[in-house]
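Engineer: sequence plus the predicted model coming up.
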Amino acid sequence: MATDSSIPKHQRVRQTIADAIAAGDYEAGQRLPSESELVKTFDASRPTVNRALRELQLTGIIERRAGSGSYVRADAGTRGYTFGLLIPELGRTEIFEPICRGMTEAQHNGPHVLLWGSSLADTPDVEFQASQASRQLVAKKVSGVFFAPLELTPRKDAINHKIATVFDKAGIPIVLLDRDLVSYPARSRYDLVGIDNRRAGYTITAHLLRSGSRRVMFVGRPGSAPTVDARIGGYCEALGEEPGDLKPRVCRIDPQDKGQVKSALAKYRPDGIVCANDFTAAHLMKTFTELGVNVPGKLRLAGIDDVKYASLLSVPLTTLHQPCADIGAIAVSTMLERLRHPTLPARDILLDFHLVVRDSCGFRKKR
C-alpha cells in the first residue's frame, strides 16, 4: 500500500482495495472483509474505512448491503469505457454524492468504470495534489474525465486551468459538473452539465419578493464558483423587474463570522436573504440564532440546492431542488456523445429545477 503521508488515508485505503479488485484478488460477487477487519488491516479509524468504501460504492466498484457487508459488483470486471472522476469537494458539497450515484446507476450501453482522483480539498498542498491526481488519471489511460472545478481557494483559477491543460495535452475529453472553470459570463470550451443558475437566482429571488420582501440581500462566500455569479445575475434581474427601483444588496462574507454578518445586517437592513446555496444558508441560520435574529419573523431566508439536511434545519429551508441523480446520468451520456462526435461545439446541458417552499420564507403555497 502507498505510504505517502501527503495522501489522505481514506484515499490510500480506497485505492488499495480498488487495485486488489482489479488484480483479481477479489472475484465478482465476492464479499470484502468486514469494516472491523479493514480497520485492523489498514490501522485506520472506522470513519476512514467507511468513507473509502462509500467512495468505492459511488464509483460502481462495490455494492454495500445493509446488515450483510460490502461485495464486489458482478460487472466490476466487465468494462466499457473507463472514466476519471475529479471532484475536489466530494464530502463537503452534498450535491456531488447523488450526482455520482446517478453516474453509476445510469446504463448507457454497458458497464463503464469510474476511477477516483484525489480529494484535493483534503490536502494542504492543493496545487501539488491537483497536478498529481490529473496525471494519475492520464497514466491510467482514462477515456474521459468528469471534473467539478475547485472553488473557495485563492489559487483556484490557476489550479483548474492546470488540471484542464493536463487532460487537453493527453487528448482526454472533459465534461464539467455543476460549474465552469472560467469566470461568469465567460465560457470555456468544455461540455457542462448542471442547472441554469441565472434562472435559479431569478426564481428564488422572485419567490421572496412575492412573499413580501422588498430589501432582498444576496449572500455568498468569497471565492465561490462561477455558478454563484450567475445566480447573482438572476437575482439582480428579478429585482430590476419590480416596481420601486429596488437596489441590489450583494454581500460576500463568511456566514459563520458573526462580526461580518452583523455588519452586513447593519449596512443593508435586509428583510429577505437569498443565499448562494444551502450550505451558506445553513451556516447563516445558525449565526442568526446566535445573534438573536428570528427567521422568518425578522427576515426571510432561502437557499439553492435542496440538500438532504435542508428540511432538517431549525427552520426548514425554502430552496430550489437540483435533480442531482439526473445530472449524473446525463453527464455520462454527454461524455459518450462527446467521444462519438469529438468535433461537436461545447454544450451547456441545463436541467430543470423546482421550488421547494418551507418555513424559512414565511410563506407557503396554498394547497
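Structural biologist: That came in fine, so what should we check first? Predicted model only: the values in this text are computed from it and were never measured.

Engineer: in the stretch 51-200 of the chain, which spans are strands?
Structural biologist: 62-65, 69-72, 82-86, 113-116, 144-147, 174-177, 191-195 (DSSP state E, counting those that start in this stretch).

Engineer: pull the second one out as PDB, backbone CA atoms only.
Structural biologist: These are the backbone C-alpha positions of strand 69-72, laid out as PDB (Å, rounded to 0.1, in the frame of the first residue of the first chain):
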ATOM      1  CA  GLY A  69     -21.400  -6.200   4.100                       C
ATOM      2  CA  SER A  70     -19.600  -5.000   1.000                       C
ATOM      3  CA  TYR A  71     -19.400  -7.000  -2.200                       C
ATOM      4  CA  VAL A  72     -17.500  -6.700  -5.500                       C
END
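
Engineer: what residues sit buried inside it?
Structural biologist: Across strand 69-72, burial judged by 16 or more other C-beta atoms under 10 Å covers 70-72. Any C-beta I mention is one placed from the backbone N, CA and C, and that applies to glycine too.

Engineer: just the first one next, same as before
Structural biologist: The neighbour-count check on strand 62-65 (16+ other C-beta under 10 Å) flags 62-63 as buried.

Engineer: neighbouring strands for it, and are they parallel or not?
Structural biologist: Strand pairing for strand 62-65, determined by DSSP bridges: strand 69-72 (antiparallel).

Engineer: now the last one
Structural biologist: As defined by DSSP bridges, the strand partners of strand 191-195 come to strand 174-177 (parallel), strand 348-351 (parallel).

Engineer: can I get these in CSV with mean neighbour count, distance to A133 and mean pLDDT?
Structural biologist: CSV is the format used below for these (neighbours: other C-beta atoms under 10 Å; distance: least, C-beta to C-beta, whole Å; pLDDT from 0 to 100):
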stretch, mean neighbour count, distance to A133, mean pLDDT
strand 174-177, 24, 14, 98
strand 348-351, 14, 25, 97
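
Engineer: dump those strands to TSV, plus distance to Y190.
Structural biologist: Formatted as TSV, the strands paired with strand 191-195 follow (distance: least, C-beta to C-beta, whole Å):
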stretch	distance to Y190
strand 174-177	5
strand 348-351	10
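
Engineer: what's the closest of those to L339?
Structural biologist: Minimum separation from L339 across these (C-beta to C-beta) falls at strand 174-177, 10.2 Å.

Engineer: distance between the closest one and the chain's centre?
Structural biologist: Distance of strand 174-177 from its chain centroid, counting by C-alpha atoms, centre = their mean, to the nearest Å, is 12 Å.

Engineer: same check on stretch 55-64?
Structural biologist: On the basis of C-alpha atoms, centre = their mean, stretch 55-64 sits 18 Å off its chain's mean C-alpha point.

Engineer: could you do stretch 98-105 as well?
Structural biologist: Relative to its parent chain, stretch 98-105 has a centroid offset of 12 Å by C-alpha atoms, centre = their mean.

Engineer: mean confidence for it?
Structural biologist: For stretch 98-105, the mean pLDDT works out to 90.

Engineer: grab the most central residue of this structure for me.
Structural biologist: With distances taken as C-alpha atoms, centre = their mean, F96 lies nearest the centre of the chain, 3.9 Å away.

Engineer: ok, that residue touching E89?
Structural biologist: Yes: applying C-beta atoms under 8 Å as the test, F96 and E89 come out as touching, 6.3 Å apart.

Engineer: shared neighbours, those two?
Structural biologist: Common contact partners of F96 and E89 (C-beta atoms under 8 Å, 6 or more residues apart in numbering): A148.

Engineer: one step back: distance of the residue nearest to the centre of the chain relative to A206?
Structural biologist: Going from F96 to A206 by C-beta to C-beta, to the nearest Å gives 28 Å.
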